[in-house]
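Student: Structure, please.
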Amino acid sequence: MMVSTKGRYALRVMIDLAEHNTRDYIPLADIAKRQEISEKYLESIVGVLSKKGLVESLRGKGGGYRLNRSPEEYTVASILKVTEGSLAPVACLENEVNTCPRAAECRTIDMWTKLYKLIDDFFEGVTIADLIRPDDGGNYVI
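Tutor: Residues are numbered from 1 along each chain as shown. Modelled structure (predicted):
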């Protein structure tokens with residue numbers, strides 16, 4: 001599984017919002033400047049995050065984006081699933097039901113399923129709060 005730029009930038013946006021969480025709306029231009037990411041590209045990312053209910057948005061003067069819950073309530077998995085669609089390492093595991101016609105005789109499906117569970121469990125165990133805490137040796141680099 002390779003996390004796309006969209007997924008990595010979505011995590012950076014969520015971390016930025018958590019680090020600057022005053023309950024005020026934060027202009028996208030401020031986030032773009034701090035993160036050194038094109039504001040135009042961030043518009044599409046925060047649009048998805050907003051549509052899926054991960055952030056609140058407000059248009060106009062004093063508008064921008066903010067978290068709608070505490071950083072501890074956002075897992076990396078929840079953000080990546082919104083932006084990436086799936087964390088599955090192979091296509092046959094992307095849907096809840098594996099419809100691969102070879103699934104019954106596939107010699108690698110158990111391996112892929114275990115890898116998928118490891119990936120999902122790992123990212124479900126990391127929150128945005130974990131990523132904004134002072135460095136404790138975890139060294140999460142996005």
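Student: just the helices in this protein please.
Tutor: Taking DSSP state H to define them, one finds helices in the chain at 5-19, 28-35, 39-51, 76-84, 109-124, 128-132.
Student: Buried by neighbour count: which residues of the third one qualify?
Tutor: Which is helix 39-51. If you call a residue buried by 16 or more other Cβ atoms under 10 Å, then helix 39-51 has these buried ones: 42, 45-46, 49. For the C-beta atoms, the positions are set from N, CA and C on the backbone; glycine is no exception.
Student: What helices and strands are in contact with it?
Tutor: Using 3 or more Cβ pairs under 8 Å, 6 or more residues apart in numbering; DSSP states H and E, the elements in contact with helix 39-51 are helix 5-19, helix 28-35, strand 55-58, strand 64-67, helix 76-84.
Student: okay, which residue is most central for the chain?
Tutor: The residue lying closest to the centre of the chain (Cα atoms, centre = their mean) is Ile79, at 2.4 Å.
Student: ok, it to Val55 distance?
Tutor: Distance of Ile79 to Val55, given as Cβ to Cβ, to the nearest Å: 10 Å.
Student: Fine by me, thanks again.
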